[in-house]
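J.: Build me a model:
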Amino acid sequence: MKLRRPVMTLWVMGALLTAFSTEASNARSRYEILYTQKQLGANVVDAFLGEVLLAVAKEAEVTFSFDEAVAARKVSVRFDKLSLEEGIKKIIHPFSYSMVFAASGQLEKVTILKSGLRSAEEPISEAERSKRTQAVSQPDLDPSLGPGGRQGGQDEGLPPSAPVPEVPGKEMEGDHGDQYPAGKEESGMEAPKHPAGDMAAPPEAKEQNPAAEGP
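T.: Residues are numbered from 1 along each chain as shown. Just a heads-up that it's a prediction; the model follows:
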């Protein structure tokens with residue numbers, strides 16, 4: 001008996017701790033739903049969304065459709081005297097939803113979509129990014145070149161300039177040095193230069209000055 005007493009003591013202590021933990025959890029998590037005269041009031045503190053929606057469905061006679069991920073989400077909200085539609089929107093925020101109304105205008109069914117839960121700053125998709133950058137990703141376009149934006153300064157739709165025909169035997173002026181007419185070539189030799197005193201006198205000058213000649 002002395003061996004069983006410590007075991008029984010531990011079991012009792014574990015049960016008490018579990019009870020206190022459950023009671024404390026219930027104290028932190030609570031919800032109150034009130035629906036009167038077509039107005040909805042709620043006081044929800046850290047409660048499961050599925051339990052809150054079941055309470056709303058019971059009070060307002062509305063059908064809800066949602067999955068386990070939606071039901072397991074914890075919510076905290078407080079409001080008073082809102083219309084049924086506005087109150088439900090506050091409870092299920094930020095999920096997307098669809099509502100079905102009867103012919104009389106009474107709300108009948110609310111479907112909550114898990115895929116509708118998105119962050120406020122959703123990243124841009126690759127398709128959207130490619131659309132925004134399509135104009136600047138083309139290599140042959142440059143907005144700084146003016147209308148058309150084509151490199152080379154030629155607008156679309158204009159025919160290319162015709163090539164200049166070459167003339168046989170002649171070359172265009174450019175960086176080729178001195179050019180010569182067709183049929184002539186440069187010899188590479190300069191004409192002989194005669195000093196001023198060595199130039200031969202004309203025959204007429206020799207006849208008029210016979211004294212200039214020697215004996």
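
J.: Where does the prediction get shaky in this structure?
T.: In the predicted model, the chain carries pLDDT under 70 at residues 1-28, 115-215.

J.: Recalculate using a threshold of 80.
T.: Along the chain, the model assigns pLDDT under 80 to residues 1-29, 114-215.

J.: How about residues contacting stretch 33-52?
T.: Stretch 33-52 is contacted from outside by 28-32, 55-56, 59-60, 66, 70-84, 86-88, 90-92, using Cβ atoms under 8 Å, 6 or more residues apart in numbering. No exception for glycine: its C-beta is placed from N, CA and C like everyone else's.

J.: So which of the residues you listed belong to helices?
T.: Taking DSSP state H as the definition of helices, the contacts of stretch 33-52 contribute 28, 55-56, 59-60, 70-71, 84, 86-88, 90-92.

J.: ok, and the most crowded of these?
T.: Within these, most neighbours by other Cβ atoms under 10 Å means Ile92, with 25 neighbours.

J.: which residues does that one contact?
T.: By Cβ under 8 Å, 6+ apart, the contact set of Ile92 is 49, 53, 110, 112.

J.: Tyr97 too?
T.: Residues counted as contacts of Tyr97 (Cβ under 8 Å, 6+ apart) are 88-89, 110-113, 116.

J.: Show me what it is bridged to.
T.: Beta bridges link Tyr97 to Ile112 when assigned by DSSP bridges.

J.: Can you tell me how far it is from Leu49?
T.: Noted for Tyr97: a distance of 12 Å to Leu49, by Cβ to Cβ, to the nearest Å.

J.: Also Val62?
T.: To Leu49, Val62 is 15 Å away according to Cβ to Cβ.

J.: now swap in Gln39 and tell me
T.: 21 Å.

J.: do the same with Tyr35
T.: Distance, Tyr35 to Leu49, using Cβ to Cβ: 17 Å.

J.: Kindly report the same for Thr63.
T.: For Thr63 relative to Leu49 (Cβ to Cβ), the value is 16 Å.

J.: In terms of neighbours, single out the busier of the two.
T.: With neighbours defined as other Cβ under 10 Å, Thr63 and Leu49 compare such that Leu49 has more, 23 against 11.

J.: phi, psi of the more buried one?
T.: Dihedral angles phi and psi of Leu49 (degrees, to the nearest 10) take the values phi -60, psi -40.

J.: Compute the distance between it and Glu61, please.
T.: Distance of Leu49 to Glu61, computed by Cβ to Cβ: 19 Å.

J.: again, but for Asp46
T.: Plainly put, Asp46 is 27 Å away from Glu61 if you go by Cβ to Cβ.

J.: what do you get for Leu82?
T.: Leu82 sits 17 Å away from Glu61, taking Cβ to Cβ as the criterion.

J.: Those two: which is more packed in?
T.: Legend: neighbour count by other Cβ under 10 Å for Leu82 and Glu61, higher for Leu82 (15 against 12).

J.: quick one: what helix or strand has the nearest residue to that one once chain neighbours are set aside in it?
T.: Nearest residue to Leu82, sequence neighbours excluded (Cβ to Cβ, 6 or more residues apart in numbering): Leu40, at 5.5 Å. In the assignment (DSSP states H and E), Leu40 maps to strand 39-48.

J.: Good, wrapping up.
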